[in-house]
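*Asks:* Curious how this folds, go ahead:
(one chain, ligands or ions: 1)
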Amino acid sequence: MHKITLIPGDGIGPEVTEAAVKVLDAAGANIDWDVQYAGDCMYQKCGNPLPEETLASIEKNGVAFKGPLTTPVGTGFRSVNVAMRKHFDLYVNLRPAKTYPGVYSRYDNIDLVVVRENTEDLYAGIEHMVGPDAAESIKIFTRKGCERIIRWAFEYAIKEGRKKVTAVHKANIMKCTDGMYLDIFRQIAPEYPQIEAEDVIADAMSMRLVYAPEEYDVLVMPNLYGDILSDLCAGLVGGLGIAPGANIGEKIALFEPIHGTAPTIVGQGIANPTATILSSCLMLKHIGEQAKGDMIEQAVAKVIKDGKTVTVDLGGTASTMEFANAVIAEIK
Ligand code: NAI
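*Replies:* Modelled structure (predicted):
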């Protein structure tokens, strides 16, 4: 039995996590859920969006599965997602982007993975006003931070039988931060001669990804480029509703869809649970239950390909739970 922290989250979070938990149960995943809360729901309830009990549960269990959390724009509390990633030093943000037949996309042959550094860069949150009319934000890169994410990407490529790792940077402009990152990439790459290594400037990468995404395999990049390009990659394969994610550190891993709380469709039961279900497949792999994860992924792919029971964002009329039940029917 695996004890895992479950954080339903805000907005559509409770709807999509409930669907995913039902699918996991049907697949026979032996999970004892430790349900905890974070985000706006806790902020409204007790003024603290990230309670100590929630952190303690994740610390104890080592694995968490969560729905999206609201982050107020401009004012209000800081991102709870960023706080959790920092607290547990979850330095890897893994975001696979794969085409599934049946999902509308301009491409039919994408199978790439964005490995985004998750703790440094402009997301260190060190920013301040300089007088009333200027603001400054500090971009932090450390040798340790660069080395561990680059090495993780190469190790992942080997473990997953992938062929190429592409480093994304802007070392032409930011010679210290991105320059150090690129130097480290070039130092580490020869240690993995079986993996092709290349580096591409972030703006050119944006163009290349739209022009010929099938050329890419594993992409490793600093936090900001990773944030932007992983959403771009989600768009290449048909949108946020199907894009899973994982945040991984040395001791703790947290699995979640990459989409947000989708405020405009909350409570209607129409959110697509695919991204959350596919995130649970990444989690099953992480806890040594890959066969069950593969089984669920194949069932999801079959339901999407059939196209009869898909949610509104995929052109269907099925509710969140009808989709989950169709996946369950494929598993059984
Ligand atoms: P969003 O991802 O919530 O929504 C963007 C668009 O995608 C909307 O049209 C939404 O309806 C649609 N969408 C998203 N997920 C969907 C699903 N599963 N099924 C069908 N349609 C779906 O992004 P937005 O609007 O920028 O952010 C809303 C809130 O979510 C903000 O407070 C933001 O901070 C938070 N957020 C949280 C994340 C997390 O907890 N990991 C990640 C991204 C945003």
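
*Asks:* And the helices in this protein?
*Replies:* Per DSSP state H, the chain carries helices over the ranges 13-26, 40-46, 52-61, 80-87, 143-159, 177-188, 202-211, 223-236, 274-286, 290-306, 320-331.

*Asks:* Determine which of these approaches the ligand most closely.
*Replies:* Proximity to the ligand (C-beta to the nearest ligand atom) singles out helix 80-87 among those, at 4.8 Å. All C-beta spots, glycine's among them, are computed from the backbone N, C-alpha and C.

*Asks:* May I have that closest one exported as CSV, CA atoms only?
*Replies:* Listed in CSV are the C-alpha atoms of helix 80-87, where the atom choice follows Å, rounded to 0.1, in the frame of the first residue of the first chain:
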residue,chain,number,x,y,z
VAL,A,80,1.6,28.3,-3.2
ASN,A,81,3.0,26.2,-6.1
VAL,A,82,6.2,28.1,-6.1
ALA,A,83,6.4,28.0,-2.3
MET,A,84,5.9,24.2,-2.3
ARG,A,85,8.6,23.7,-5.0
LYS,A,86,11.0,25.8,-3.0
HIS,A,87,10.1,24.3,0.4
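
*Asks:* Is that helix positioned near the ligand?
*Replies:* Yes: contact between helix 80-87 and the ligand, assessed by C-beta under 6 Å from any ligand atom, occurs at Asn81.

*Asks:* Can you point out the buried residues in that helix?
*Replies:* Within helix 80-87, the residues scored as buried using 16 or more other C-beta atoms under 10 Å are Val80, Asn81, Val82, Ala83, Met84, Arg85, Lys86.

*Asks:* What angle do helix 223-236 and that helix make with each other?
*Replies:* 130 degrees (axes from the mean of the first three to the mean of the last three C-alpha atoms, to 10 degrees).

*Asks:* nearest to Leu219, of the buried residues of helix 80-87?
*Replies:* Ranked by distance to Leu219 (C-beta to C-beta), the buried residues of helix 80-87 are led by Arg85 at 19.0 Å.

*Asks:* The closest one and Asn118 touch, don't they?
*Replies:* Yes: taking contacts as C-beta atoms under 8 Å, Arg85 lies within contact range of Asn118: 5.0 Å.

*Asks:* what residues are shared contacts of the two?
*Replies:* Shared contacts of Arg85 and Asn118, defined by C-beta atoms under 8 Å, 6 or more residues apart in numbering, comprise Tyr91, Asn93, Asn247.

*Asks:* Run a quick neighbour tally on the last one.
*Replies:* By that I understand Asn247. 23 (other C-beta atoms under 10 Å).
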